[in-house]
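>>> Following is a predicted model, sequence given first.
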Amino acid sequence: MRPPSDEERSHGAGRVESFVCCAGCGSAETRFPRYNDVAKLLQTRRGRCGEWANAFTAVCRALRLRARYVLDWSDHVWTEVWSPTLRRWVHCDSCEAAWDTPLLYEEGWGKKLAYVIAFSAEGGAIDVTPRYVLSWDEALTRRTLVREDWLQRAMAASAAQALSMRPPRLREAAALRQHVEQDELATLRARRSAPPPAAQLPGRQSGSVEWRAARGELGGSAAERQRRVAVRMAAALAEVLLSVQAASARR
């Protein structure tokens, strides 16, 4: 890591990755500034998920879509876009060419997520983790950085502050979007078992195989994916049977 130069800092680079040849070939240092300035990114056309998400979110907003930046605390970023037709925020990962597959990271890549936070000027910071995890109860065992009640208060305060700063003519629609999303997230938190798989989701596609393997994001083998599917289907069936038995007992 290197400190950014004044020129790099002027385009939002808070840090710079430095690459040198370790074989003594005498090649010059290659600098990779992690720019946040979208105009600069459209010039350099270089980056990883952070740069992709910055540029894609800006393009969405330039097209007058409501879009926001989503950060997975275990090191990945993507975009969510509000769909007026679906009346919900839709997962969009431009780095992976993935749309509306929020379980991609756990079901496909094999990650175990803990904190996933969405950010926007209009909505503040929102904890959207329930949308991206297979089991909320299991995710809770990994959420140990802060107390849950503190985090929820902080998220609520951020959303309320963002709402208060909206122009009066836009405040009602923004409040409705917040209400709809909170209902959705509450339903996902109350889900007692992992959802049945909608499709076979792949491991990470972007980056070299060596880099993805080092991060553990290649995903499982076909056999392992089938085993996970079988386990989840069995759990879902058991839950249905228990519900039927409970209903019969009440009668």
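Cool, got the structure.
>>> show me the contacts for the nearest residue to residue 58 once chain neighbours are set aside.
Spatially, and ignoring its direct neighbours in sequence, residue 58 is nearest to residue 38 (4.3 Å; CB to CB, 6 or more residues apart in numbering). Every residue, glycine included, has its C-beta placed from N, CA and C. Counting by CB atoms under 8 Å, 6 or more residues apart in numbering, residue 38 makes contact with 54-55, 58.
>>> One more: residue 103?
Applying CB under 8 Å, 6+ apart, the residues contacting residue 103 are 132, 134, 195, 198, 201.
>>> For the first one, report the pLDDT, please.
For residue 132, the pLDDT comes out at 97.
>>> pretty sure it contacts residue 108?
No. Counting by CB atoms under 8 Å, residue 132 does not reach residue 108; the two are 11.7 Å apart.
>>> who touches stretch 78-91?
Under CB under 8 Å, 6+ apart, the answer for stretch 78-91 is 49, 53, 56-57, 60, 65-70, 72, 92-96, 98-102, 104, 118, 128, 131-132, 177, 180-181, 184.
>>> at 7 Å instead, please
With contacts defined as CB atoms under 7 Å, 6 or more residues apart in numbering, stretch 78-91 is touched by 53, 56-57, 60, 65-70, 92-95, 100-102, 118, 177, 180-181, 184.
>>> Look at residue 7 and tell me its secondary structure.
helix (DSSP: H, G, I helix; E, B strand; the rest coil).
>>> Remind me which helix or strand the nearest residue to residue 136 once chain neighbours are set aside belongs to.
Distances taken as CB to CB, 6+ apart place residue 189 nearest to residue 136, at 4.8 Å, with adjacent residues excluded. Here residue 189, judged by DSSP states H and E, is contained in helix 168-190.
>>> which residues of this protein fall in strands?
16-19, 30-33, 67-72, 76-83, 88-93, 98-99, 116-120, 124-127 (DSSP state E).
>>> Provide the strand pairings for the second one, with the direction of each partner.
Using DSSP bridges, the strands paired with strand 30-33 are strand 16-19 (antiparallel).
>>> my read: residue 37 touches residue 11, true?
Yes. In this structure, residue 37 is within contact of residue 11 by CB atoms under 7 Å, at 4.0 Å.
>>> show me the contacts for residue 188.
130-131, 136.
>>> Over to residue 104?
93, 98, 201.
>>> Once you drop chain neighbours, what's closest to the first one?
Spatial nearest neighbour of residue 93, excluding adjacent residues (CB to CB, 6+ apart): residue 78 at 4.0 Å.
>>> residue ranges of the helices in the stretch 151-251 of the chain, please?
Using DSSP state H, counting those that start in this stretch, the helices found in the stretch 151-251 of the chain span residues 168-190, 209-214, 222-250.
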